[in-house]
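Enquirer: quick one, structure for this:
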Amino acid sequence: MDFIALLGLLLGIGAVVVGNLVEGGTTSHLIQLAAAIIVFGGTLGAVLLSFSLKDLKLAINSLRVIFFNKKLSYEDTISRILDLLVIARRKGLLALQNETENIKDPFLRRGITYIIDGLSADLIREALEREIFAYEDMMKRASRIFEAAGGYAPTIGIIGAILGLIHVLKNVTDPTKIGVGIATAFVATIYGVGSANLLFIPISKRIINKIEEEIILMELMTEGILGIEAGMNPYYLRAKLESFITERQRERL
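Expert: Predicted coordinates for the structure are as follows:
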């Protein structure tokens, strides 16, 4: 569980609720079923019109990257790669077959399997880079869905507010209903703007940041796998992988 992401979500929503209470409002004023149906139902419809159902499922599954992401450790990965390199240099590449079951990361395990199968360095690099590209493209599509939802929600919230004001104008002869009606109408705007800026757009940005970290790790594994295949000196491979991380992180900055 990524508690920082969860904290950010709770803090953003909590700040709005607490601020409303400080101003003398109540939480019941922020709960309007009609406004929720208009904003969230309309946003979902717009997203489905823009993307396929398959893309929507992909976006939902990508939430695991944010709240249930695996722990990324470059140092642990380098150490694991060097352990495999030492085994390969001492006992031969086929000895790695006994280690594949103990490799938790599926990407690294596939790369070691390519080595055991006798693929050339060029074929291994091509296969792994193709997998990295496919994963990056998939996650970016998921990010674009949340980004699109963040664009639709505020506009649909305004539509909900206008519909509410139309209902208010129908009861303009009854002054007791005007104030309550206007307040209810603008809840839809809060839902639209709030969900876009506290939920959809931050999730989109979070996915992009997370996959950048994962892509660096996958590229690191690729270089390590090729180092194992080539039988590099462990000290040289460690220095190479550490410099690779530094260079990629500098590029991100």
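
Enquirer: what is the helix or strand Leu169 falls within packed up against?
Expert: Here Leu169 sits within helix 121-170, counting by DSSP states H and E. When contacts are defined as 3 or more CB pairs under 8 Å, 6 or more residues apart in numbering; DSSP states H and E, helix 121-170 sits against helix 33-36, helix 42-50, helix 53-61, helix 106-116, helix 175-195, helix 201-230. Heads up, the C-betas are built off the backbone N, CA and C, glycines and all.

Enquirer: tell me which of these lies nearest to Ala88.
Expert: Among those, the nearest to Ala88 by CB to CB is helix 201-230 (5.5 Å).

Enquirer: just after the closest one, pick out the following helix or strand.
Expert: Helices and strands here follow DSSP H and E; after helix 201-230, the next one along the chain is helix 234-252.

Enquirer: so what touches stretch 131-151?
Expert: With contact meaning CB atoms under 8 Å, 6 or more residues apart in numbering, stretch 131-151 is reached by 43, 46-47, 50-51, 55-56, 58-59, 61-62, 65, 107, 110, 195-197, 199-201, 203-205, 207-208, 211, 214-215, 218-219, 222.

Enquirer: now list the buried members of these.
Expert: Buried by 16 or more other CB atoms under 10 Å: 43, 46-47, 51, 55-56, 58-59, 62, 65, 107, 110, 195-196, 199-201, 203-204, 207-208, 211, 214-215, 218-219, 222, out of the contacts of stretch 131-151.

Enquirer: my read: Glu129 touches Thr222, true?
Expert: Yes - using CB atoms under 8 Å, Glu129 is in contact with Thr222, at 6.9 Å.

Enquirer: list the residues that contact both of the two?
Expert: When contacts are counted by CB under 8 Å, 6+ apart, Glu129 and Thr222 have no shared neighbour.

Enquirer: quick check: phi and psi at Ile31.
Expert: Torsion angles at Ile31 (phi, psi; degrees, to the nearest 10) stand at phi -110, psi 100.

Enquirer: next, the contact list for the closest residue to Ile156 other than its chain neighbours, please.
Expert: Using CB to CB, 6 or more residues apart in numbering and skipping the chain neighbours, the partner closest in space to Ile156 is Gly42 (4.0 Å). Neighbouring residues of Gly42 by CB under 8 Å, 6+ apart: Tyr152, Ile156, Ile159, Gly160.

Enquirer: tell me the angle the helix holding Leu169 makes with helix 53-61.
Expert: Orientation check (axes from the mean of the first three to the mean of the last three CA atoms, to 10 degrees): helix 121-170 against helix 53-61 gives 90 degrees.

Enquirer: now helix 121-170: mean pLDDT?
Expert: For helix 121-170, mean pLDDT rounds to 91.

Enquirer: same question for stretch 76-88.
Expert: Per-residue pLDDT over stretch 76-88 has a mean of 92.

Enquirer: list of residues touching it?
Expert: Stretch 76-88 has contacts (CB under 8 Å, 6+ apart) with 95-96, 99, 103, 105, 108, 112, 115, 217, 220-221, 224-225, 227-228, 231-232, 234, 237-238, 241-242.

Enquirer: can you rerun that using 6 Å?
Expert: Identification of contacts with stretch 76-88 by CB atoms under 6 Å, 6 or more residues apart in numbering yields Ala95, Leu96, Gly224, Ile228, Pro234, Leu241.

Enquirer: measure Gly150 to Gly157 for me?
Expert: According to CB to CB, to the nearest Å, Gly150 stands 12 Å off from Gly157.

Enquirer: what about the two, which has more around it?
Expert: Neighbour count, other CB atoms under 10 Å: between Gly150 and Gly157, Gly157 has more, with 27 against 23.

Enquirer: do you know how far Asp76 is from Asp83?
Expert: Noted for Asp76: a distance of 11 Å to Asp83, by CB to CB.

Enquirer: geometric centre of the protein: which residue is closest?
Expert: Ile207 (2.3 Å; CA atoms, centre = their mean).
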